[in-house]
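Visitor: What follows is a predicted protein model with its sequence.
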Protein chains: 2
Amino acid sequence: MKIAIPIFDRFTALDAVGPYEVLSRVPGATVSFLAAERGPKRTETAMLALTADLALDELTDPDIVVVPGGYGTRALAADERILGWLRQAHQTSAWTTSVCTGSLLLAAAGLLDGLEATSHWLALDALAEYGAIPVSRRVVEHPDKRIITAAGVSAGIDMALTLAARIAGDELAQAIQLGIEYDPEPPFDSGLPAKASTAIVELVRNNAGRLA
Amino acid sequence: MKIAIPIFDRFTALDAVGPYEVLSRVPGATVSFLAAERGPKRTETAMLALTADLALDELTDPDIVVVPGGYGTRALAADERILGWLRQAHQTSAWTTSVCTGSLLLAAAGLLDGLEATSHWLALDALAEYGAIPVSRRVVEHPDKRIITAAGVSAGIDMALTLAARIAGDELAQAIQLGIEYDPEPPFDSGLPAKASTAIVELVRNNAGRLA
C-alpha cells in the first residue's frame, strides 16, 4: 500500500506528521513524502525541515493521498504541478484526504466541487470560494467519492485513525491508537472557536500568521 | 527563548513534532532541531527524515529542552555525547522535558534519579531500571526540579500545552490550542492499556516494533 504525503515550503508539520505516525504503522504500508522536487521543505516558521524523498512524478499512483495544509497552500492553489498530480492520483487512489488547509488544494484541483468538506476554522470561507461546501466538523468523510477532509492541524490524527480503520479494520486502528498512546488530556478546553473565550478567538484571528 | 529538540536516527517523529507545533507558536521562541552532527535524521520506520539544523555543541544553553523518544534511545542511552549535553543543558535550562521514551535519556543522564516520571506505557519498566520512579500519568511535572516527562508519542502535545502555559501564561496556551484546533475526537477509546481490550494490548505488545 503506497501512501503519499505531498509537502511544500511553508507547510504545517503536524498536519503531515500526525497522519504519518498513524498510517506508517499499518501493516504493508509505505509512506512517502514527496514534493515538486526532492529535498528539504521548510515549515511556515522556517524552524523545521522535512525531506521530500521523491519528486511528484516519481509516484503518480498512490493508494492513499494525505495533503497537509499551511500558508504555502495559498501559492500552490494556482500551481498545476500539484493540482494536476492530485487529479491524476485521485483517479486511482482508494482515498484522497486532507488536513487543515490542505483541503484548499483538493478544492482548487476540483475534487471537492459541491461536496461538504472541512478545513482549519479560519479557512472555511476560503474553502467555499473554491467550490466546496464548508462544514465545521472534525472529519468529513465521503466514501462514495473516496474523499476525507479534516479540520485544523491536530485533526489529522483523528482523521488518520478513521482512515486506518477503513483500510485495515477497527481492531488495527485501535491497536495503533494504543501504540501512540492517544488518550488525549488537553490542559484546557479551548480547541474550537465555540469553546474558547471571545478574547482568545480574537487573539488568534489577529495573529493568525503566528498562532494559527 | 531558545528551545532545543535533539533528534537522532530511529526517533519517533510525532514525539518531536507535536511539541514543535505548540512551542514554535510561543512569541519570541526559536525552536532548533539538533543532533550529534547536523543533517537529516530518520525515524524508526526510515520513511521520514527531519533535518537537524545544528550540532549539539552549537547550542549548549537552551531555555527549554524537549527530548523525543523512539527505538533509537536504546543506543543513545550509553552515548555520552547526548547524555553530557543533557546534563549541561539542564544546568541552565528553565525546563528540561521529554516525550515517550525520551525519558529514558533523561534518566540515563541522571536527571530523574528518585523522581516520579513517565514514558510510553511499554517502557515504564525500563525507566525504573534507570533510577526513576515510573508512574502511569500523561504528564508528570516537577516545577522544583524544572523537569516534565510525558507519556507515549501523542502525549507530547498535551505536555507542550502545559509547558506553554508555564512559560507564556494560560491565555496564550489556550490561543495555541485553538490555533492548532486541538479539540480531539479519537474515533475509538483505546489509547491506554486500561481502556483497550486484552486482545488489542497483546497485539501491540507482540508487535511493538511496528505498532508502538
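Guide: Alright, I've got the coordinates. Residues are numbered from 1 along each chain as shown, chains lettered A, B, ... in the order given.
Visitor: surely A:Ala94 meets A:Ile64?
Guide: Yes. Using CB atoms under 8 Å, A:Ala94 makes contact with A:Ile64 at a distance of 6.2 Å. Yep, even glycine has a C-beta here, placed from its N, CA and C like the rest.
Visitor: what sits in contact with each of those two?
Guide: A:Ile167 (CB atoms under 8 Å, 6 or more residues apart in numbering or on different chains).
Visitor: of those two, who's got more company?
Guide: A:Ile64 (26 against 13; other CB atoms under 10 Å in any protein chain shown).
Visitor: Quick check: bridge partners of that one?
Guide: A:Ile3, A:Trp95 (DSSP bridges).
Visitor: what are the ranges of the strands in chain A?
Guide: A:2-6, A:30-35, A:39-42, A:49-52, A:54-55, A:64-67, A:95-99, A:116-117, A:133-134, A:139-142, A:147-150 (DSSP state E).
Visitor: What residue spans form the domains of chain A?
Guide: Per the record, chain A has its domains at A:2-181, A:186-212, by automatic domain parsing.
Visitor: TSV please, covering the ones you listed and showing mean pLDDT.
Guide: TSV is the format used below for the domains of chain A (pLDDT from 0 to 100):
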stretch	mean pLDDT
domain A:2-181	98
domain A:186-212	96
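Visitor: The closest residue in space to A:Ala155 that isn't next to it in sequence: neighbouring residues, count only.
Guide: The shortest distance from A:Ala155 to any non-neighbouring residue, by CB to CB, 6 or more residues apart in numbering or on different chains, is to A:Arg138 (5.2 Å). A:Arg138 has 20 neighbours, counted by other CB under 10 Å.
Visitor: ok, now the one 10 residues further on?
Guide: By the criterion of other CB under 10 Å, A:Ile148 has 26 neighbours.
Visitor: residues in contact with the residue nearest to it when sequence neighbours are not counted?
Guide: Nearest non-adjacent residue to A:Ile148, counting by CB to CB, 6+ apart: A:Thr97, 4.3 Å away. Contact analysis of A:Thr97 by CB under 8 Å, 6+ apart lists A:19, A:64-67, A:147-150, A:159, A:163.
Visitor: redo that, cut-off 10 Å
Guide: By CB atoms under 10 Å, 6 or more residues apart in numbering or on different chains, the contact list for A:Thr97 reads A:3, A:5, A:19, A:23, A:64-67, A:103, A:106, A:139, A:141, A:146-150, A:156, A:159-160, A:162-163.
Visitor: Show me which of those residues are buried.
Guide: Among these, those buried by neighbour count (16 or more other CB atoms under 10 Å in any protein chain shown) are A:3, A:5, A:19, A:23, A:64-67, A:103, A:106, A:139, A:141, A:146-150, A:156, A:159-160, A:162-163.
Visitor: And the residue most central in space within chain A, how far from chain B?
Guide: The centroid of chain A falls nearest to A:Val99 when counting by CA atoms, centre = their mean (2.1 Å). For A:Val99, the distance to chain B equals 10 Å [CB to the nearest CB, to the nearest Å].
Visitor: With A:Leu163 instead?
Guide: 10 Å.
Visitor: Isn't that residue up against A:Glu141?
Guide: Yes. Taking CB atoms under 10 Å as the definition, A:Leu163 is a contact partner of A:Glu141 at 8.8 Å.
Visitor: Touching both of those two, which residues are there?
Guide: A:95, A:97, A:148, A:150.
Visitor: Just give the nearest non-adjacent residue to the spatially most distant residue from the centre of chain A, would you?
Guide: The outermost residue of chain A, judged against the average C-alpha position, is A:Ala199 (27.8 Å), by CA atoms, centre = their mean. Distance criterion CB to CB, 6+ apart; nearest residue to A:Ala199, sequence neighbours excluded, is B:Glu171 at 7.3 Å.
Visitor: Pull the number of nearby residues for the one you found.
Guide: 16.
Visitor: do the same with A:Ser136
Guide: 13.
Visitor: Next, it: phi, psi?
Guide: Phi and psi for A:Ser136, reported as degrees, to the nearest 10, are phi -90, psi 80.
Visitor: who's in contact with it?
Guide: A:118-119, A:121, A:124, A:151, A:192-194.
Visitor: Keep only these that also lie close to chain B.
Guide: Residues of the contacts of A:Ser136 in contact with chain B (CB under 10 Å from any CB of the partner chain): A:118-119, A:121, A:151, A:192-194.
Visitor: farthest pair in the residues you listed?
Guide: For the ones next to chain B among the contacts of A:Ser136, the farthest-apart pair by CB to CB is A:Ser119 and A:Ala194; their separation is 16.2 Å.
Visitor: more neighbours, those two?
Guide: A:Ser119 (35 against 9).
Visitor: Identify the residues contacting the more buried one.
Guide: Shown in contact with A:Ser119 (CB under 10 Å, 6+ apart): A:69, A:73, A:98-104, A:106-107, A:112, A:125-128, A:130, A:132, A:134-136, A:140, A:149-152, A:155, B:181.
Visitor: Got a ChimeraX select line for the buried ones in those?
Guide: Only the buried entries of the contacts of A:Ser119 go into this ChimeraX selection, using 16+ other CB under 10 Å:
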select /A:69,73,98,99,100,101,102,103,104,106,107,112,126,127,130,132,134,140,149,150,151,152,155 /B:181
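Visitor: Select from the contacts of A:Ser119 every entry located in helices.
Guide: A:73, A:102-104, A:106-107, A:125-128, A:155 (DSSP state H).
Visitor: Against A:Pro27, how distant is A:Asp61?
Guide: 20 Å (CB to CB, to the nearest Å).
Visitor: Please read the previous query as pertaining to A:Ala109.
Guide: Taken as CB to CB, the span from A:Ala109 to A:Pro27 is 30 Å.
Visitor: Next: A:Asp158.
Guide: Taken as CB to CB, the span from A:Asp158 to A:Pro27 is 21 Å.
Visitor: Among the two, which residue is more densely surrounded?
Guide: Between A:Asp158 and A:Pro27, A:Asp158 has the larger neighbour count (other CB under 10 Å), namely 25 against 10.
Visitor: show me the contacts for A:His154.
Guide: For the record, residue A:154 is Ser, not His. A:14-15, A:18, A:99-100, A:138, A:184, A:186, A:191, B:18, B:21-22, B:154, B:157, B:177, B:179-184.
Visitor: rerun at 8 Å
Guide: A:14, A:18, A:191, B:21, B:157, B:180-184 are the contacts of A:Ser154 under CB under 8 Å, 6+ apart.
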